Each structure stands twice: as C-alpha cells, then as structure tokens.
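> Dropping a prediction and its sequence here:
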Amino acid sequence: MKNKSNNKSLTVEKHKYTNGTRYEIPWSEMFAKYISTEGMTMLRLAQEYGVSRRSVELHASKDSWVKKREEATAKAMQLAEEQAVIRIKDHNEQHIKMADRVLSIVEKQLDAGIVPKNAKDLATWMDLGVKVSRDGLGMNNKNQSLSFNKKNESITLTWGDSSPVTPR
C-alpha cells in the first residue's frame, strides 16, 4: 500500500509485501545502518531491505538522513580529537613525572658526592631528564648545545629556544 506524504505529493512506501504478507519497512533500522556504516549508500540499503531506491531516497530526504550523517560524523571526529588530546596530555604528564624523577636522582647523587666519571656522563644524565621533561611540556628539544667551563667545572646545556639548564 502506498500513502501520499503531507508535502509535494510524493509517494513513500509505508509497507512492503512479501509472498502476500504485509510488513512495516524498518526505517529506523535502515537509518541507523546508513549513519553507522562507512560507505553505505541508498541503493545498497534498498537492495538489502528489498525496497525501491526511490523509496529510500524519498524517506531519507524527508528525514534529512544525509545531514544527520554529516552531523554524526562531525561529532564522532570531535570526540576522537578530544580523546586523543586527553591521551596525549596524560602521556606528557607521565613523561614529566619520569623526567622529574630522573633529575631528582641525578641531584641526589650529586649531593651525596656521587659524581659521574666525566662531564660527558653528567651531561648525558641531565640531557635525559631535561629532554623527557621538555617533550612532556611540548617545548623545543632541537639544537641543544653543551658547554663545559673547566675553570669552575660547570656544565651548561642550552636548548634551541635559548633556555639554559645548569646543574647546581
């Protein structure tokens, strides 16, 4: 049986007959499949549910399926981006904590008189902690330079953004 829709005198199938048995067309199910299945087309839906492509197109147009799918896709992308930001933030916080522990260990060893065998080892200790910390904070880790002052035996690491890191 075909009923006329309220506007534009379009015909939309409300029921389908199979072997003489009438059944409702599952429009809600078809819509859910349309918005949730990548690459789903009106033609494919029509074929899967045994209705005409024109009926699917008319029903989809009346209920704004294309617009709703675009909105659902945009919402899904926004949620995915928000979740990625949260994961990156959490990961960076873990890196910062780890870097703080490394730097703390280096500082405790230096305070206890445990010194590296040479300036290069000390620079390596510092470099590890500082790099991980800077990564976690999203800071520049490029173009670092190391300088060692033999007179007062001080080491200074300078990073690409010109921020020096000097051990106490």
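Nice, thanks for sending it over.
> Doesn't I114 lie inside a strand?
No. Using DSSP: H, G, I helix; E, B strand; the rest coil, the assignment for I114 is coil, not a strand.
> Begin at 49 from now on, thanks
Happy to do that; since the first residue is 49 now, the last one works out to I162.
> which phi and psi does it have?
Backbone torsions for I162, taken as degrees, to the nearest 10, come to phi -90, psi 110.
> repeat for the one 3 residues further on
Backbone dihedrals for K165, given as degrees, to the nearest 10, come out at phi -60, psi -30.
> How about E72?
Note on E72: its backbone torsions stand at phi -70, psi 140 [degrees, to the nearest 10].
> Which SSE is immediately downstream of whichever helix or strand S76 is part of?
Per DSSP states H and E, S76 falls inside helix 75-84. Next in sequence after helix 75-84, counting helices and strands by DSSP H and E, comes helix 90-97.
> Next, the angle from the helix holding S76 to helix 90-97.
With axes from the mean of the first three to the mean of the last three CA atoms, to 10 degrees applied, the angle from helix 75-84 to helix 90-97 works out at 130 degrees.
> Flag every buried residue along helix 75-84.
If you call a residue buried by 16 or more other CB atoms under 10 Å, then helix 75-84 has these buried ones: 75, 78-79, 82-83. Backbone N, C-alpha and C define where each C-beta goes, glycine included.
> any idea of the mean pLDDT in that helix?
Average pLDDT, helix 75-84: 94.
> now stretch 145-163
The pLDDT scores in stretch 145-163 average 78.
> For it, output the C-alpha coordinates as CSV.
The C-alpha coordinates for stretch 145-163 follow below in CSV (Å, rounded to 0.1, in the frame of the first residue of the first chain):
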residue,chain,number,x,y,z
LYS,A,145,56.9,12.9,36.3
MET,A,146,59.5,10.5,34.9
ALA,A,147,61.9,13.3,34.0
ASP,A,148,61.4,14.9,37.4
ARG,A,149,62.4,11.5,39.0
VAL,A,150,65.5,11.2,36.8
LEU,A,151,66.6,14.8,37.6
SER,A,152,65.9,14.2,41.3
ILE,A,153,68.1,11.1,41.2
VAL,A,154,70.8,13.0,39.5
GLU,A,155,70.6,15.8,42.0
LYS,A,156,70.6,13.4,45.0
GLN,A,157,73.7,11.6,43.6
LEU,A,158,75.5,14.8,43.1
ASP,A,159,74.5,16.0,46.6
ALA,A,160,75.8,12.7,48.0
GLY,A,161,79.1,13.2,46.3
ILE,A,162,78.4,10.5,43.7
VAL,A,163,79.7,12.1,40.6
